[in-house]
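*Asks:* What follows is a predicted protein model with its sequence.
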Amino acid sequence: MSDELKPRGPKTTQNSALKTQHSAKTGTVLAFDFGEKRIGVAVGDTETGLAHPLTTITASDNRSRFAAIGALIEEWRPACLVVGLPAHADDTEHATSRLCRRFAQRLEGRFGIHTRLVDERLTSRAAETALRDAGARGARLKAALDQAAAREILATYLASIQNKNGS
């Protein structure tokens, strides 16, 4: 496991429900490509600006989904969370935009970690193109697509904060 992918050390937690207070604005970020069947997850770091696909959560019930997310948060101790927000090319909301907003609100409410929404237009297409270019096809492509899309969402977020910081 490379250095930028190693989980961070412990941070202060208020209780076992993972309500976490983070004093730093830099550090690890977890990103989510929300879907009704699967949730792609990526991890990255604001200091390096690098994002990596992490996993795909395939649990169908919310309790299991949030338990899996809770385990990832416990392991990685992110400074913030990012959720992709779908939109059409003409800036109108996508049918799943409302669900993504609700998912982001639930993440922030449940885990007490600031959660940002990031425009995810064309991230799935970019992820699929990158995977196909790497030789992924069929079941292998499908298995990696959601986490690769989450990586694209996170890369967009990391680039935006680096641009704001003048890097």
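*Replies:* Yep, it's here. Model, not experiment: these values are computed from the prediction. Numbering: from 1, shown residues only.

*Asks:* what about the helices in the protein?
*Replies:* Along the chain, the stretches classed as helices by DSSP state H are 62-76, 97-111, 123-133, 138-164.

*Asks:* Flag the shaky bits of this protein, pLDDT-wise.
*Replies:* Regions of the chain meeting the criterion pLDDT under 70 cover residues 1-25, 166-167.

*Asks:* Any idea which residue is closest to the centre of it?
*Replies:* For the chain, the residue sitting closest to the mean C-alpha position, by Cα atoms, centre = their mean, is A31 at 1.0 Å.

*Asks:* how close does that one sit to D133?
*Replies:* As for A31, its distance to D133 is 21 Å (criterion: Cβ to Cβ, to the nearest Å). Just so you know, the C-beta spots here come from the backbone N, C-alpha and C atoms, and that holds for glycine as well.

*Asks:* residues in contact with R140?
*Replies:* Listed by Cβ atoms under 8 Å, 6 or more residues apart in numbering, R140 has no contact partners.

*Asks:* run the last query once more with 10 Å
*Replies:* Counting by Cβ atoms under 10 Å, 6 or more residues apart in numbering, R140 touches 131, 134.

*Asks:* now it: how far from A95?
*Replies:* On the measure of Cβ to Cβ, R140 and A95 end up 28 Å apart.

*Asks:* same check, this time on L50
*Replies:* For L50 relative to A95 (Cβ to Cβ), the value is 32 Å.

*Asks:* If you count surrounding residues, which of those two has more?
*Replies:* L50 (16 against 8; other Cβ atoms under 10 Å).

*Asks:* so that one makes contact with L158?
*Replies:* Yes - the pair L50 and L158 passes the contact test of Cβ atoms under 10 Å, sitting 7.5 Å apart.

*Asks:* Return every residue with contacts to both of these two.
*Replies:* G44.

*Asks:* Please give me every residue in contact with G44.
*Replies:* G44 sits in contact with 4-5, 27-31, 50-52, 54, 78, 82, 150-151, 153-155, 157-158, where contact means Cβ under 10 Å, 6+ apart.

*Asks:* And for A150?
*Replies:* So A150 contacts 30-34, 39-44, 51-56, 82-84, 120, 123-124, 127 (Cβ under 10 Å, 6+ apart).

*Asks:* Perfect, I'm done here.
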